[in-house]
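> take this sequence and fold it.
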Amino acid sequence: MSGEESFLPLESQAYALGRPEHRARIKQYNDDFVVTETLGFEPSGYGEHLMFLVEKSGQSTREAAQKISRILAIDERDVGYSGMKDRRARTRQWYSARVEKLKEGASARFEQAGLDILRMERNYRKLRIGSHKSNQFRLMLRSFSGCAQDFARRLQLLEASGVPNYFGSQRFGRELSNLPEALAMLRRPVGQSRTTHKHRESRSILFSAARAYVFNQLLSRRIRCDRWSTYVKGDVLNLDKTKRFFTVAVDSWNQDLVDRLASLDIHPTGLLPGKLGSNNRYVTREIAADMESAVCKEFAEIVHGLARWGIEEGRRPLRFRMEGLDCHWLDSETLELSFSLPTGAYATSLLRELCQVEDFSGAHHSHL
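Prediction:
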């Protein structure tokens, strides 16, 4: 990329079912976007960390974490959480805090800060990003215009064949503002940036945006050639709802694997660029490798910069499966949509396949 680089808008990314004509409004009110985090494990009941299931409205994950650190008089680094949740929403999510017990009056201060503690348990370790199992969503789509039958058809197709696993707009900042900053950071000599916790966190956000952008471009190209939900020779595959990956010998692709792919039990994956780790056994070959190489070549400055900064290469499924789908109309222009998504999947990536949304988050609130 040159000094005059420009980043493609998210609208330019390919659609699995073609760009929808329907329109709707989301997040007009916090209660229009309800997210409940599912841990997938039970707290140990002992240990140096106290875990809270917190309900909040109109507050980002980081804002709540900062409030928790102040209330408990601990370093913000001792507050853990598993997922980043939208500010313009009502959310239930888990936090952990390295603290022996709540001091007198702490519960009242939580309430004053708009943090309602629904459950509290001890745990032996801090919550880390991505440690929860899934997120349950209940969304309200308002002022819908378009064909309700086609909307239902799209929803059924996505339920059956999976949803493109794009990173959502939250990852890139308003108007993709994180990407130019990320590129500027990647161009700096390694080690010539501040090393405080705050600056390391900021740098991590920028680098995550850069690799997410490259992943989205790869996924978009595979959608355009209709190879995003089918096996390409040399693909690395992912077992649904896990972080387990595997490859298949050239002559070992069989009907059983075809059926598992069709039933969404396994998924093709795409590259999250970075430095190839010495223990990384999951590397694409043949056609899949050629497709990834072509994208990496186009965005070579980002790819090489991430490797130079020591960001380890990773992989991400090209699609995700939604479960527990329920959709019903409250009136001719308002529908309520409920579903569960695995960790790392964006509800907005599902919505973009269903309708063109007017998102009210930016009107008074920013993401995360």
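
> same for the strand ranked longest in the chain, what does it pack against?
Among all segments of the chain classified by DSSP state E, the strand with the greatest residue count is strand 134-145. Secondary structure elements in contact with strand 134-145, counted by 3 or more CB pairs under 8 Å, 6 or more residues apart in numbering; DSSP states H and E, are strand 23-26, strand 33-38, strand 334-342, helix 347-354. Every residue, glycine included, has its C-beta placed from N, CA and C.

> buried deepest among these, which one?
Burial among these, expressed as mean neighbours by mean count of other CB atoms under 10 Å, is greatest for helix 347-354, which shows a mean of 22.

> direction included, what does the helix or strand just after that one pair up with?
Scanning forward in sequence from helix 347-354 by DSSP states H and E, the next helix or strand is strand 356-359. Strand 356-359 has the following sheet partners, assigned by DSSP bridges: strand 23-26 (parallel).

> list the contacts of the partner strand.
Among residues not part of strand 23-26, those counted as contacts by CB atoms under 8 Å, 6 or more residues apart in numbering are 32-33, 139-146, 335, 351, 355-360.

> same thing but at 6 Å, please
Taking CB atoms under 6 Å, 6 or more residues apart in numbering as the criterion, the residues outside strand 23-26 that touch it are 141-145, 355-359.

> which segments of the protein make up each domain?
Domain segmentation of the chain under automatic domain parsing yields 10-16+163-320, 41-123.

> export these to CSV and tack on distance to H132?
Formatted as CSV, the entries for the domains of the chain read as follows, by distance: least, CB to CB, whole Å:
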stretch, distance to H132
domain 10-16+163-320, 12
domain 41-123, 4
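
> what residues of the lengthiest helix in the chain count as buried?
For the chain, the helix reaching the highest residue count under DSSP state H is reported as helix 197-224. Going by neighbour count (16 or more other CB atoms under 10 Å), the buried part of helix 197-224 is 202-203, 205-223.

> now stretch 271-290
271-274, 284, 288-289.

> and of those, the nearest to F245?
T284 (10.8 Å; CB to CB).

> return the per-residue confidence for the residue lying closest to the closest one once chain neighbours are set aside.
In space, not counting the residues next to it along the chain, T284 is nearest to G234; the distance is 5.2 Å by CB to CB, 6 or more residues apart in numbering. At G234, the model reports a pLDDT of 95.

> G234 contacts M291, doesn't it?
No. Taking contacts as CB atoms under 6 Å, G234 lies outside contact range of M291: 9.0 Å.

> okay, the two: which has more neighbours?
Set side by side, G234 and M291 give different neighbour counts by other CB atoms under 10 Å, the larger being at M291 (21 against 18).

> widest-spaced pair of the buried residues of stretch 271-290?
Between all members of those, the longest pairwise span (CB to CB) is found for G274 and A288 and amounts to 17.7 Å.

> which element is T269 on?
Mapping T269 onto the secondary structure by DSSP H and E places it in strand 266-272.

> then L179?
L179 is part of helix 178-187 when elements are defined by DSSP H and E.

> who are the packing partners of that helix?
For helix 178-187, the contact count by 3 or more CB pairs under 6 Å, 6 or more residues apart in numbering; DSSP states H and E identifies helix 197-224 as packing neighbours.

> for the stretch 251-368 of the chain, what are the low-confidence residue spans?
Residues of the stretch 251-368 of the chain meeting the criterion pLDDT under 70: 362-368.

> quick one: the helices in it?
For the stretch 251-368 of the chain, the helices identified by DSSP state H, counting those that start in this stretch occupy 255-262, 286-298, 300-308, 347-354, 361-364, in order along the chain.

> between those, which gets nearest to P164?
The stretch from the helices of the stretch 251-368 of the chain with the least distance to P164 (CB to CB) is helix 347-354; that distance is 6.3 Å.

> the closest one to strand 134-145, inter-axis angle?
40 degrees (axes from the mean of the first three to the mean of the last three CA atoms, to 10 degrees).

> tell me the one of the buried residues of stretch 271-290 nearest I117?
L272 (35.0 Å).

> grab the nearest non-local neighbour of the closest one.
For L272, the nearest residue in space outside its immediate sequence neighbours is G314; the separation is 3.8 Å by CB to CB, 6+ apart.

> distance of the one you found from S82?
When CB to CB, to the nearest Å is applied, the distance between G314 and S82 equals 18 Å.
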